[in-house]
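K.L.:
Make a model of this:
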Amino acid sequence: MNRITTYAEQLQTLAVLYLPRVFMALLALVIGWWIIGRVSHLITVSTARLDVSLRSFLTSLVNIVLKVLLLISVAGMVGFETTSFVAILGAAGLAVGLALQGTLANFAGGVLILIFKPYVVGDIIESQGKTGEVREIQIFNTILATPQGDTIILPNGATSNNVIVNKSAQSRSLVEILADVDSATSLDELRRWAVPLLQADPQVLPDPAPQVGIVALKPGGMTVAFRAYTLAGHTIPAYGRLIEQVQRALGQQGVKGPVPVSHTYTRALAE
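P.N.:
Okay, the predicted model is just below:
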(Lines give C-alpha, C1' and ligand atoms only; values in the text may rest on other atoms or scores of the structure.)
Protein backbone atom coordinates (compact mmCIF):
# COMPACT_ATOMS: atom_id res chain seq x y z
CA MET A 1 0.00 0.00 0.00
CA ASN A 2 2.85 2.35 0.85
CA ARG A 3 4.48 1.52 -2.50
CA ILE A 4 1.30 2.40 -4.39
CA THR A 5 1.05 5.64 -2.45
CA THR A 6 4.66 6.42 -3.31
CA TYR A 7 4.04 5.76 -7.02
CA ALA A 8 0.96 7.96 -6.94
CA GLU A 9 2.90 10.77 -5.34
CA GLN A 10 5.67 10.43 -7.92
CA LEU A 11 3.16 10.47 -10.75
CA GLN A 12 1.51 13.54 -9.24
CA THR A 13 4.89 15.24 -8.97
CA LEU A 14 5.76 14.38 -12.58
CA ALA A 15 2.37 15.57 -13.74
CA VAL A 16 2.74 18.87 -11.94
CA LEU A 17 6.27 19.22 -13.32
CA TYR A 18 5.78 18.14 -16.94
CA LEU A 19 2.13 18.75 -17.81
CA PRO A 20 2.61 22.53 -18.09
CA ARG A 21 5.69 21.93 -20.22
CA VAL A 22 3.85 19.49 -22.46
CA PHE A 23 0.92 21.87 -22.76
CA MET A 24 3.19 24.82 -23.65
CA ALA A 25 5.14 22.64 -26.09
CA LEU A 26 1.94 21.54 -27.86
CA LEU A 27 0.72 25.12 -27.95
CA ALA A 28 4.07 26.26 -29.38
CA LEU A 29 3.93 23.43 -31.94
CA VAL A 30 0.45 24.39 -33.14
CA ILE A 31 1.19 28.11 -33.29
CA GLY A 32 4.61 27.55 -34.85
CA TRP A 33 3.16 25.22 -37.48
CA TRP A 34 0.57 27.85 -38.38
CA ILE A 35 3.22 30.59 -38.57
CA ILE A 36 5.39 28.41 -40.84
CA GLY A 37 2.41 27.93 -43.14
CA ARG A 38 1.89 31.69 -43.31
CA VAL A 39 5.59 32.29 -43.97
CA SER A 40 5.56 29.72 -46.81
CA HIS A 41 2.52 31.45 -48.30
CA LEU A 42 4.23 34.86 -48.09
CA ILE A 43 7.34 33.46 -49.79
CA THR A 44 5.20 32.02 -52.58
CA VAL A 45 3.46 35.37 -53.09
CA SER A 46 6.63 37.49 -52.86
CA THR A 47 8.49 35.28 -55.37
CA ALA A 48 5.66 35.20 -57.90
CA ARG A 49 7.87 36.76 -60.56
CA LEU A 50 10.53 34.07 -60.26
CA ASP A 51 10.68 30.87 -62.25
CA VAL A 52 8.07 28.30 -61.19
CA SER A 53 10.71 25.65 -60.42
CA LEU A 54 12.79 28.08 -58.35
CA ARG A 55 9.73 29.39 -56.48
CA SER A 56 8.52 25.94 -55.44
CA PHE A 57 12.03 24.87 -54.50
CA LEU A 58 12.65 27.91 -52.26
CA THR A 59 9.25 27.51 -50.60
CA SER A 60 9.79 23.83 -49.80
CA LEU A 61 13.35 24.44 -48.57
CA VAL A 62 12.31 27.20 -46.15
CA ASN A 63 9.33 25.14 -45.02
CA ILE A 64 11.44 22.08 -44.17
CA VAL A 65 14.16 24.08 -42.38
CA LEU A 66 11.65 25.97 -40.23
CA LYS A 67 9.78 22.80 -39.29
CA VAL A 68 12.99 21.04 -38.24
CA LEU A 69 13.94 24.03 -36.06
CA LEU A 70 10.44 24.09 -34.57
CA LEU A 71 10.55 20.39 -33.64
CA ILE A 72 13.96 20.81 -32.00
CA SER A 73 12.65 23.79 -29.99
CA VAL A 74 9.54 21.89 -28.89
CA ALA A 75 11.67 18.94 -27.78
CA GLY A 76 13.78 21.30 -25.70
CA MET A 77 10.65 22.79 -24.08
CA VAL A 78 9.48 19.35 -23.00
CA GLY A 79 12.84 18.65 -21.39
CA PHE A 80 14.73 16.59 -23.94
CA GLU A 81 18.44 17.30 -24.23
CA THR A 82 18.73 18.83 -27.69
CA THR A 83 22.47 19.51 -27.72
CA SER A 84 23.35 15.92 -28.51
CA PHE A 85 20.52 15.72 -31.01
CA VAL A 86 21.76 18.80 -32.87
CA ALA A 87 25.32 17.42 -32.86
CA ILE A 88 24.13 14.09 -34.28
CA LEU A 89 22.02 15.90 -36.87
CA GLY A 90 25.01 18.03 -37.89
CA ALA A 91 27.30 14.99 -38.17
CA ALA A 92 24.70 13.16 -40.23
CA GLY A 93 24.32 16.18 -42.48
CA LEU A 94 28.09 16.36 -42.98
CA ALA A 95 28.28 12.66 -43.83
CA VAL A 96 25.42 12.93 -46.30
CA GLY A 97 27.00 16.03 -47.83
CA LEU A 98 30.33 14.25 -48.36
CA ALA A 99 28.57 11.26 -49.88
CA LEU A 100 26.55 13.46 -52.22
CA GLN A 101 29.19 15.94 -53.35
CA GLY A 102 28.35 15.54 -57.02
CA THR A 103 24.62 15.80 -56.36
CA LEU A 104 25.08 18.91 -54.23
CA ALA A 105 27.24 20.45 -56.99
CA ASN A 106 24.44 19.77 -59.48
CA PHE A 107 21.93 21.23 -57.03
CA ALA A 108 24.00 24.42 -56.61
CA GLY A 109 24.45 24.63 -60.39
CA GLY A 110 20.70 24.30 -60.91
CA VAL A 111 20.02 27.13 -58.47
CA LEU A 112 22.57 29.36 -60.26
CA ILE A 113 21.04 28.57 -63.65
CA LEU A 114 17.52 29.33 -62.40
CA ILE A 115 18.63 32.61 -60.81
CA PHE A 116 21.00 34.03 -63.46
CA LYS A 117 19.25 32.42 -66.47
CA PRO A 118 22.13 31.89 -68.94
CA TYR A 119 19.46 30.03 -70.88
CA VAL A 120 15.74 29.34 -70.55
CA VAL A 121 13.37 26.67 -71.80
CA GLY A 122 13.16 26.86 -75.59
CA ASP A 123 16.72 28.12 -76.17
CA ILE A 124 19.16 26.20 -78.34
CA ILE A 125 22.44 25.82 -76.44
CA GLU A 126 25.79 24.10 -76.82
CA SER A 127 27.58 22.86 -73.71
CA GLN A 128 30.00 20.06 -72.92
CA GLY A 129 30.14 19.15 -76.61
CA LYS A 130 26.36 18.68 -76.85
CA THR A 131 23.86 20.82 -78.75
CA GLY A 132 20.09 20.83 -78.48
CA GLU A 133 16.94 22.67 -77.51
CA VAL A 134 16.34 23.15 -73.80
CA ARG A 135 13.17 21.28 -72.93
CA GLU A 136 13.37 21.37 -69.12
CA ILE A 137 15.57 22.87 -66.41
CA GLN A 138 15.46 20.66 -63.36
CA ILE A 139 17.17 21.19 -60.01
CA PHE A 140 19.90 18.65 -60.80
CA ASN A 141 19.87 18.35 -64.61
CA THR A 142 19.09 20.21 -67.82
CA ILE A 143 17.17 18.24 -70.47
CA LEU A 144 17.99 18.87 -74.15
CA ALA A 145 16.26 17.58 -77.27
CA THR A 146 18.13 17.20 -80.56
CA PRO A 147 16.75 17.26 -84.14
CA GLN A 148 17.72 13.58 -84.39
CA GLY A 149 15.20 12.76 -81.66
CA ASP A 150 17.76 12.19 -78.91
CA THR A 151 17.28 13.35 -75.32
CA ILE A 152 20.44 14.72 -73.68
CA ILE A 153 20.69 15.06 -69.89
CA LEU A 154 23.35 17.56 -68.78
CA PRO A 155 24.34 17.74 -65.09
CA ASN A 156 23.81 21.31 -63.90
CA GLY A 157 27.04 21.40 -61.88
CA ALA A 158 29.27 20.80 -64.90
CA THR A 159 27.06 22.94 -67.15
CA SER A 160 27.14 26.01 -64.90
CA ASN A 161 30.96 25.75 -64.58
CA ASN A 162 31.67 25.33 -68.30
CA VAL A 163 31.30 27.40 -71.44
CA ILE A 164 27.67 27.74 -72.54
CA VAL A 165 26.94 28.81 -76.11
CA ASN A 166 23.38 30.15 -76.27
CA LYS A 167 22.40 30.13 -79.92
CA SER A 168 19.03 31.75 -79.15
CA ALA A 169 20.17 34.65 -76.96
CA GLN A 170 20.24 36.95 -79.99
CA SER A 171 17.29 37.36 -82.29
CA ARG A 172 19.16 36.09 -85.35
CA SER A 173 21.40 33.16 -86.21
CA LEU A 174 23.94 32.65 -88.99
CA VAL A 175 23.52 29.89 -91.55
CA GLU A 176 26.83 29.18 -93.32
CA ILE A 177 27.25 26.71 -96.17
CA LEU A 178 30.78 25.88 -97.29
CA ALA A 179 31.66 24.57 -100.76
CA ASP A 180 35.03 23.77 -102.40
CA VAL A 181 35.19 25.07 -106.00
CA ASP A 182 37.76 25.43 -108.76
CA SER A 183 40.17 28.34 -108.25
CA ALA A 184 39.21 29.63 -111.72
CA THR A 185 35.60 30.15 -110.62
CA SER A 186 34.48 33.78 -110.81
CA LEU A 187 33.39 35.06 -107.41
CA ASP A 188 31.30 37.80 -109.03
CA GLU A 189 29.46 35.17 -111.07
CA LEU A 190 28.80 33.18 -107.92
CA ARG A 191 27.36 36.24 -106.18
CA ARG A 192 25.18 37.02 -109.22
CA TRP A 193 23.04 33.91 -108.81
CA ALA A 194 23.75 32.83 -105.21
CA VAL A 195 22.71 36.02 -103.40
CA PRO A 196 19.21 36.12 -104.99
CA LEU A 197 18.91 32.39 -104.27
CA LEU A 198 19.55 32.99 -100.57
CA GLN A 199 17.30 36.07 -100.47
CA ALA A 200 14.40 34.10 -101.97
CA ASP A 201 14.17 31.78 -98.98
CA PRO A 202 11.21 32.84 -96.77
CA GLN A 203 13.17 32.33 -93.52
CA VAL A 204 16.23 34.36 -94.55
CA LEU A 205 16.35 37.85 -93.04
CA PRO A 206 16.86 40.81 -95.41
CA ASP A 207 19.16 42.52 -92.92
CA PRO A 208 22.02 41.68 -92.73
CA ALA A 209 21.92 40.77 -96.40
CA PRO A 210 23.16 37.35 -97.56
CA GLN A 211 26.83 37.20 -98.53
CA VAL A 212 29.14 35.03 -100.61
CA GLY A 213 32.89 35.11 -99.97
CA ILE A 214 36.13 33.12 -99.98
CA VAL A 215 37.14 31.73 -96.57
CA ALA A 216 40.12 29.54 -97.54
CA LEU A 217 42.52 28.82 -100.41
CA LYS A 218 43.87 25.39 -101.28
CA PRO A 219 45.86 23.88 -104.15
CA GLY A 220 43.69 23.85 -107.24
CA GLY A 221 40.67 25.41 -105.56
CA MET A 222 39.15 27.56 -102.86
CA THR A 223 36.49 27.28 -100.17
CA VAL A 224 33.51 29.58 -100.64
CA ALA A 225 31.02 30.42 -97.86
CA PHE A 226 27.35 31.13 -98.60
CA ARG A 227 26.09 33.08 -95.58
CA ALA A 228 22.56 34.12 -94.59
CA TYR A 229 20.83 35.09 -91.33
CA THR A 230 17.59 33.65 -90.02
CA LEU A 231 15.61 33.90 -86.80
CA ALA A 232 17.17 31.86 -84.00
CA GLY A 233 14.48 29.17 -84.09
CA HIS A 234 14.68 28.70 -87.89
CA THR A 235 18.37 27.79 -88.16
CA ILE A 236 18.10 24.03 -88.60
CA PRO A 237 15.28 23.90 -91.20
CA ALA A 238 16.75 26.83 -93.14
CA TYR A 239 20.18 25.18 -93.25
CA GLY A 240 18.78 21.89 -94.53
CA ARG A 241 16.78 23.63 -97.24
CA LEU A 242 19.50 26.05 -98.37
CA ILE A 243 22.28 23.47 -98.61
CA GLU A 244 20.16 21.45 -101.05
CA GLN A 245 19.40 24.55 -103.12
CA VAL A 246 23.03 25.65 -103.22
CA GLN A 247 24.23 22.17 -104.18
CA ARG A 248 21.64 21.97 -106.98
CA ALA A 249 22.48 25.47 -108.23
CA LEU A 250 26.22 24.74 -108.31
CA GLY A 251 25.53 21.84 -110.70
CA GLN A 252 23.13 23.85 -112.85
CA GLN A 253 25.60 26.73 -113.16
CA GLY A 254 28.41 24.36 -114.14
CA VAL A 255 30.64 25.26 -111.18
CA LYS A 256 33.44 22.74 -110.96
CA GLY A 257 35.18 21.39 -107.90
CA PRO A 258 38.88 21.84 -107.07
CA VAL A 259 41.32 20.64 -109.73
CA PRO A 260 43.47 17.77 -108.39
CA VAL A 261 47.12 18.81 -108.05
CA SER A 262 49.92 16.24 -108.19
CA HIS A 263 52.33 15.94 -105.26
CA THR A 264 55.24 16.78 -107.59
CA TYR A 265 53.63 20.06 -108.60
CA THR A 266 52.81 20.85 -104.97
CA ARG A 267 56.41 20.29 -103.89
CA ALA A 268 57.65 22.45 -106.76
CA LEU A 269 55.41 25.29 -105.61
CA ALA A 270 56.69 24.91 -102.04
CA GLU A 271 60.32 25.08 -103.21
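
K.L.:
what does stretch 210-228 rub up against?
P.N.:
174-183, 185, 187, 190-191, 194-195, 198-199, 201, 204-205, 229, 238, 242, 246, 257-261, 266, 269 (CB atoms under 8 Å, 6 or more residues apart in numbering). All C-beta spots, glycine's among them, are computed from the backbone N, C-alpha and C.

K.L.:
Now intersect those with the helices, please.
P.N.:
187, 190-191, 194-195, 198-199, 238, 242, 246, 266, 269 (DSSP state H).

K.L.:
Out of those residues, flag the one nearest to Arg135.
P.N.:
Here the nearest of the ones in helices among the contacts of stretch 210-228 to Arg135, counting by CB to CB, is Ala238; it sits at 21.4 Å.

K.L.:
give me phi/psi at the most centrally placed residue in the chain?
P.N.:
Taking CA atoms, centre = their mean as the criterion, Thr142 is the residue nearest the geometric centre of the chain, at 4.5 Å. Recorded main-chain torsions at Thr142 are phi -110, psi 130, according to degrees, to the nearest 10.

K.L.:
any idea how far the closest residue to it other than its chain neighbours is from Ile137?
P.N.:
Closest residue to Thr142 apart from its sequence neighbours, by CB to CB, 6 or more residues apart in numbering: Leu154 at 4.6 Å. Distance, Leu154 to Ile137, using CB to CB, to the nearest Å: 10 Å.

K.L.:
Pull up the overlap in contacts between these two.
P.N.:
Joint contacts of Leu154 and Ile137 (CB under 8 Å, 6+ apart) are Ile143.

K.L.:
looking at it, Ala145 is touching Lys130, isn't it?
P.N.:
No. Using CB atoms under 8 Å, Ala145 is not in contact with Lys130; the gap is 11.1 Å.

K.L.:
overlap in contacts of those two?
P.N.:
Ile152.

K.L.:
Name the helix or strand of the protein that has the lowest mean pLDDT.
P.N.:
For the chain, counting by mean pLDDT, DSSP states H and E, helix 263-270 ranks last in confidence among helices and strands (a mean of 42).

K.L.:
Point out where the stretch 51-200 of the chain drops to low pLDDT.
P.N.:
Counting by pLDDT under 70, the stretch 51-200 of the chain contains low-confidence ranges at 51-57, 81-89, 91-102.

K.L.:
picking that back up, which of the contacts of stretch 210-228 are buried?
P.N.:
Neighbour-count burial (16 or more other CB atoms under 10 Å) is assigned, among the contacts of stretch 210-228, to 175, 177, 179, 181, 185, 190-191, 194-195, 198, 201, 204-205, 229, 238, 242, 246, 258.

K.L.:
Quick one: residues contacting Ala145.
P.N.:
Contact analysis of Ala145 by CB under 8 Å, 6+ apart lists 132-133, 135, 151-152.

K.L.:
again, but for His234
P.N.:
173, 203.

K.L.:
ok, now Leu250?
P.N.:
Leu250 touches 179, 181, counting by CB under 8 Å, 6+ apart.
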